[in-house]
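Asker: Let me see the structure of the following:
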Amino acid sequence: DDAQHWVTVTVRRRNRTSWADADHEIVAHQYRVHGQVPPQRRKRAATPVADLHYEISPETGALSSLVIHDNELLAGPMQPWLTRALTDNDAASFGPERAGLQWSEAGYDRLDLVVRSINEQDGTSESNVLLRCEDTGVSFRFRTRFELIAGVLVVTSRFAPTQQCPAHLPHLPRLGHRLRLRRSLATIDWFGPGPAETYSDRHIANLVGRYSAPVDAQRYPYVVPQESGNHHAITWAALRSEGGIGLVVFGDSPLDVNAGVHDEDHVNQARHHHELIELDEVHLHIDHRQSGVGNASCGPGVLERHRVPPIPTVWRWAIAPMAGGGDPAALYRAGIPGSPATLTLL
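Answerer: Below you'll find the model as predicted:
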C-alpha cells in the first residue's frame, strides 16, 4: 500500500520489416495506480542498515563530514547551489531570453558565501548563510537545518532574497545543494523517469522505473560540453560504492538529482569533450528544482512553469545511510522521520 505502482503499456512490431526488427517498440505509455492508504497512517517499515555521523563546519556553515558505516563519504563541504553549466540554449546571444547573459548580469555566477550564524543544540544544527554579489547588490539568504532522527539525516532548507536585493531578478538556473563525494561512490541508482537524462520540460519520453548506471557515464556527449545528466522528478536516488556503502536521498516531494565527475566551471570553459578533466570526486546535485532547458538557441526560451523563480522557498529532504544489502526503495517508503521543521530567516 505504501509503494508506487505503475502500469506500462507498449505497442511493438510482431514481425521484422525493412525498417525495424521484430519486437521493435512503436510507442509506450504509463499509468500511475494510486494507493489507498493516507500518508499520515503509514508507519516506518525500514531502518537504515548502517550508522551515520555528521559534522557542520564553523567556517562555511556547511555539512563538512558524513561518515557512514565508518566510511567518510565527503570529499569537500556541502554548499547551497544556484548555478549550472550553461546549455546551448542558455548561452544563446539572440532571442528574447538569453538566460546566461541575464544570470551573469545579475551576478549569479559570482556569488560569495558569508556565514551569518551557526546554532547547535539538542542534536540539531542550523546554519544561516548569505550568498551575495557585491557589484550587483544581489543577495540571497540560505538557512539549513540538520537533524539526525532514527538514523536518518533530515535536512530542511529555506531560501529567500534579502530585502536589499533588486526587485526584478531573472529566474534561477537551479535551487538546491551540491555534495562533494568520494569517487568510490561510482554507481547511481534512482527511481523515476529514465534511463536518459530528464528535465522538467524534457522527460515524458522516458518511462518511470528503477534504473542503475555508472556515475561517470551520466554526461551526455553533446557537440559542445554543457549541462547534462540530470534526473527530474525522482522519488529517490542512491550513490553507492562497489562494496555497497553509500547514501540514499529523497524528499517530501520529488527532487532533481544530477551526479557527475566534472566541475561546472570546467564544463563552461571547455569547447570539446577531450578538454574535460575528470575529478577525483563525485559532484552530486540535490535540487528542489532545476529550470528546464527550453529551446532558445533556435526558438523560445524556458516556459514560465518550468522556471525556478527567486522567491521564498522551503523544502525538506533526507540522507539515509546504506551498507551492503540495503534497499533504497525500502528506506524511501519508510518516509522522512519527524515533523516538518518551521524555519524563519534572520
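Asker: could you give me the average pLDDT of stretch 69-81?
Answerer: Averaging pLDDT along stretch 69-81 yields 95.
Asker: ditto for stretch 223-230
Answerer: Mean predicted confidence for stretch 223-230 is 97.
Asker: buried sites along that stretch?
Answerer: Across stretch 223-230, burial judged by 16 or more other C-beta atoms under 10 Å covers 225-230. (Glycine included, C-beta is placed from N, CA and C.)
Asker: Looking at the residues you listed, which one is closest to residue 82?
Answerer: Nearest to residue 82 among the buried residues of stretch 223-230: residue 227, at 13.3 Å, using C-beta to C-beta.
Asker: tell me the secondary structure for the closest one?
Answerer: Classification of residue 227 by DSSP: H, G, I helix; E, B strand; the rest coil places it in coil.
Asker: Past the top helix by length along the chain, which element shows up next along the chain?
Answerer: If you go by DSSP state H, the chain has its longest helix at helix 99-106. On the C-terminal side of helix 99-106, the nearest following helix or strand under DSSP states H and E is strand 112-121.
Asker: outside of that next one, which residues touch it?
Answerer: The contact list for strand 112-121, computed with C-beta atoms under 8 Å, 6 or more residues apart in numbering, reads 56, 58-61, 79-80, 125-134, 141, 346.
Asker: From residue 218, how far out is the closest residue in space to residue 230 that isn't next to it in sequence?
Answerer: Leaving aside its sequence neighbours, residue 230 sits nearest to residue 258 (C-beta to C-beta, 6 or more residues apart in numbering; 4.4 Å). Distance, residue 258 to residue 218, using C-beta to C-beta, to the nearest Å: 7 Å.
Asker: Same drill for those two, tell me which one is more crowded.
Answerer: Ranked by neighbour count (other C-beta atoms under 10 Å), residue 258 and residue 218 place residue 258 first, with 26 against 19.
Asker: Run through the chain and note the low-pLDDT ranges.
Answerer: Applying pLDDT under 70 to the chain picks out residues 1-2, 35-45, 341-346.
Asker: who touches the closest residue to residue 234 other than its chain neighbours in this structure?
Answerer: Closest residue to residue 234 in three dimensions, ignoring its sequence neighbours and counting by C-beta to C-beta, 6+ apart: residue 192, at 3.6 Å. Listed by C-beta under 8 Å, 6+ apart, the contact set of residue 192 reads 198, 208, 231-235, 237, 254.
Asker: Most neighbours out of those residues, which is it?
Answerer: Of all the contacts of residue 192, the highest neighbour tally under other C-beta under 10 Å goes to residue 231, namely 30 neighbours.
Asker: quick one: that one and residue 190 touch, right?
Answerer: Yes - with contacts counted by C-beta atoms under 8 Å, residue 231 reaches residue 190, the gap being 5.5 Å.
Asker: which neighbours do these two share?
Answerer: The contact sets of residue 231 and residue 190 overlap at 237, 257 (C-beta under 8 Å, 6+ apart).
Asker: So residue 255 versus residue 304, what's the distance?
Answerer: Distance from residue 255 to residue 304, by C-beta to C-beta: 21 Å.
Asker: So between those two, which is more surrounded?
Answerer: More crowded of residue 255 and residue 304, by other C-beta under 10 Å: residue 255, with 26 against 8.
Asker: Pretty sure the residue nearest to residue 230 sits in a strand.
Answerer: Yes - the assignment for residue 258 (three-state DSSP) places it in a strand.
Asker: Show the contacting residues for it.
Answerer: Residue 258 sits next to 218, 229-231, 284-285, 287, 290 when contact means C-beta under 8 Å, 6+ apart.
Asker: So which of these belong to strands?
Answerer: When DSSP state E is applied, these are split such that 231, 284-285, 287, 290 fall in strands.
Asker: Including distance to residue 105, could these go into CSV?
Answerer: Putting those into CSV (distance: C-beta to C-beta, whole Å) gives the following:
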residue, distance to residue 105
231, 30
284, 29
285, 24
287, 23
290, 21
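Asker: which of those residues sit farthest apart?
Answerer: 284 and 290 (13.3 Å).
Asker: what's the burial count for residue 210?
Answerer: Neighbour tally, residue 210, other C-beta under 10 Å: 13.
Asker: Now name the helix or strand holding it.
Answerer: Taking DSSP H and E as the criterion, residue 210 maps to strand 207-214.
Asker: Show me what counts as buried in that strand.
Answerer: 207-208, 211, 213.
Asker: Taking those together, which two end up most distant?
Answerer: Greatest spatial distance in the buried residues of strand 207-214: 208 and 213, 15.8 Å, computed using C-beta to C-beta.
Asker: among the contacts of strand 112-121, which are in strands?
Answerer: 56, 79-80, 125-132, 141.
Asker: could the residues you listed go into JSON lines alongside distance to residue 331 and neighbour count?
Answerer: Shown next, in JSON lines, are the ones in strands among the contacts of strand 112-121 (distance: C-beta to C-beta, whole Å; neighbours: other C-beta atoms under 10 Å):
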{"residue": "56", "distance to residue 331": "23", "neighbour count": "20"}
{"residue": "79", "distance to residue 331": "25", "neighbour count": "18"}
{"residue": "80", "distance to residue 331": "25", "neighbour count": "22"}
{"residue": "125", "distance to residue 331": "22", "neighbour count": "18"}
{"residue": "126", "distance to residue 331": "24", "neighbour count": "19"}
{"residue": "127", "distance to residue 331": "25", "neighbour count": "23"}
{"residue": "128", "distance to residue 331": "29", "neighbour count": "20"}
{"residue": "129", "distance to residue 331": "29", "neighbour count": "21"}
{"residue": "130", "distance to residue 331": "34", "neighbour count": "17"}
{"residue": "131", "distance to residue 331": "31", "neighbour count": "21"}
{"residue": "132", "distance to residue 331": "37", "neighbour count": "20"}
{"residue": "141", "distance to residue 331": "31", "neighbour count": "21"}
